[in-house]
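S.K.: what follows is a predicted structure for the sequence shown.
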Amino acid sequence: MESCVGVGLVGSQFISTIHARALKHVPNARLVAVASPTPGNANRFAEAHGIASAFTDYRRLLDCPEIQMIVIGAPNDLHYSIVLDAASAGKHIVVEKPLCLNLNEADRMIAACKEHGVKLMYAEELCFAPKYVRMKQLLDEGAIGTPTLIKQSEKHDGPHAPHFWDVTRSGGGVTMDMGCHAIAFFRWMLGNARITSVYAQMGTHVHADKTRGDDNAILVLEFENGTVAIAEESWTKLGGMDDRAEVYGSKGVAYANLLQGNAIQTYSADGYGYAVEKAGSTQGWSFTMYEEEWNYGFPQEMAHFVDCVANDTQPLVTGEDGRVVLEAIFAAYQSAATGHKVALPFHTTASRPIDLWRPT
């Protein structure tokens, strides 16, 4: 394996832009190609980011011998087929959250990557966000004592792309889109402790004209070590992204606000160019973010995955972790449908999590 890892991006929208920017901070990564099916998108993306090759068919990207790792930023319903093709082509794979649409797909993706000897890496950037990394260090060194309750929330006014609203493509609403962050965060904070049950309350309060998916959700998870975790997720919160966590223990407590705690408190009568993701207006008071992608942990995440490929080491978050998160998401939609707490392991053959709550 060469020390410099050639990378191909599949996707050309919001998250792939973040992936490209993050990879530019990784010294031993080289962006080789980008693929996007929409005519013109890949070429424009390649020109904007100085990438030599652009394709409308990702399978042509997989034919590039100088690419060792691909990063999938495509819609959720495409993850499965792209991962299977990439594994067959011998490429290591980073797949953006959520892993895929259902547990059968997850199992086949994991098996295909093992069969072809490639890594399946699950892109959960909260495990690399510097403030959350420090929070976990505090928990690990005993500063907070034995954990009793962990909270994590992510809220904004709705997703970027139309496919998120289409539950046949996304698999669900805000629980699928952002609840996956919280579930992965809880497991990582607790040393991958096993989830024993999930309870969920969901509703579609603001965006019923766009989707039959949930736009607000509260999840309560119980872990085998006795810790309870609460996730609050929303697509109805105005004023920009809000991402925060709280850890309560027998000897202390820690609070972390990922964005506003690092922001510049700004008042502008006329407004200005950019404050933070999904800020909407910048007139009046706003929180002006700086080094936004670094605070989320995206460059650190990509540096870790590139290092895993370059030095053949075990990823911090794997396809198996993504499957556990997906299983908990299915349990959450089942709970929202029945009004009861759902025990894990949870077995289902449903095609999408949303089908357990609001079947077609």
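M.R.: That came through fine.

S.K.: list phi and psi for the spatially most central residue of the chain.
M.R.: Nearest to the mean C-alpha position of the chain, counting by CA atoms, centre = their mean, stands Lys97 at 3.7 Å. When quoted as degrees, to the nearest 10, the phi and psi of Lys97 stand at phi -70, psi 160.

S.K.: what residues are up against it?
M.R.: By CB atoms under 8 Å, 6 or more residues apart in numbering, the contact set of Lys97 is 122-124, 180-181, 184, 322, 325. Heads up, the C-betas are built off the backbone N, CA and C, glycines and all.

S.K.: hmm, try it at 6 Å
M.R.: When contacts are counted by CB atoms under 6 Å, 6 or more residues apart in numbering, Lys97 touches 123-124, 180.

S.K.: equivalent analysis for Gly297, please.
M.R.: Gly297 neighbours (CB under 6 Å, 6+ apart): 125, 128-129.

S.K.: as a quick check, tell me the outermost residue of this protein.
M.R.: Distance-from-mean max, the chain, by CA atoms, centre = their mean: Ala269 at 34.9 Å.

S.K.: how far away is that residue from Leu238?
M.R.: Using CB to CB, to the nearest Å, Ala269 is found at 19 Å from Leu238.

S.K.: tell me how far the ends of stretch 57-72 are from each other?
M.R.: The stretch stretch 57-72 measures 13 Å between its terminal residues, going by CA to CA, to the nearest Å.

S.K.: need the residues that contact that stretch.
M.R.: When contacts are taken as CB under 6 Å, 6+ apart, the neighbours of stretch 57-72 outside the stretch itself are 5-10, 19, 32-33, 35, 55, 79, 82, 86, 89, 91-96, 309.

S.K.: any chance of a PyMOL selection covering the buried ones in the residues you listed?
M.R.: Typed into PyMOL, the line below selects the buried ones among those, using 16 or more other CB atoms under 10 Å:
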select buried, resi 5+6+7+8+9+10+19+32+33+35+55+79+82+86+89+91+92+93+94+95+96+309
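
S.K.: filter the contacts of stretch 57-72 down to just the ones in helices.
M.R.: Using DSSP state H to define helices, the subset of these located there is 19, 79, 82, 86, 309.

S.K.: so can I have TSV of those residues showing pLDDT and distance to Asn225?
M.R.: As requested, these are arranged in TSV below (pLDDT from 0 to 100; distance: CB to CB, whole Å):
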residue	pLDDT	distance to Asn225
His19	98	34
His79	98	31
Ile82	98	36
Ala86	98	36
Val309	98	33
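
S.K.: which pair in the residues you listed spans the largest distance?
M.R.: Of all pairs drawn from the ones in helices among the contacts of stretch 57-72, the greatest distance, 18.9 Å, lies between His79 and Val309 (CB to CB).

S.K.: for Val118, give me its contacts.
M.R.: With CB under 6 Å, 6+ apart as the criterion, the residues that contact Val118 are 87, 92.

S.K.: what do you get if the cut-off is 8 Å, keeping everything else the same?
M.R.: Counting by CB under 8 Å, 6+ apart, Val118 makes contact with 86-87, 90-93.

S.K.: many thanks, have a good one.
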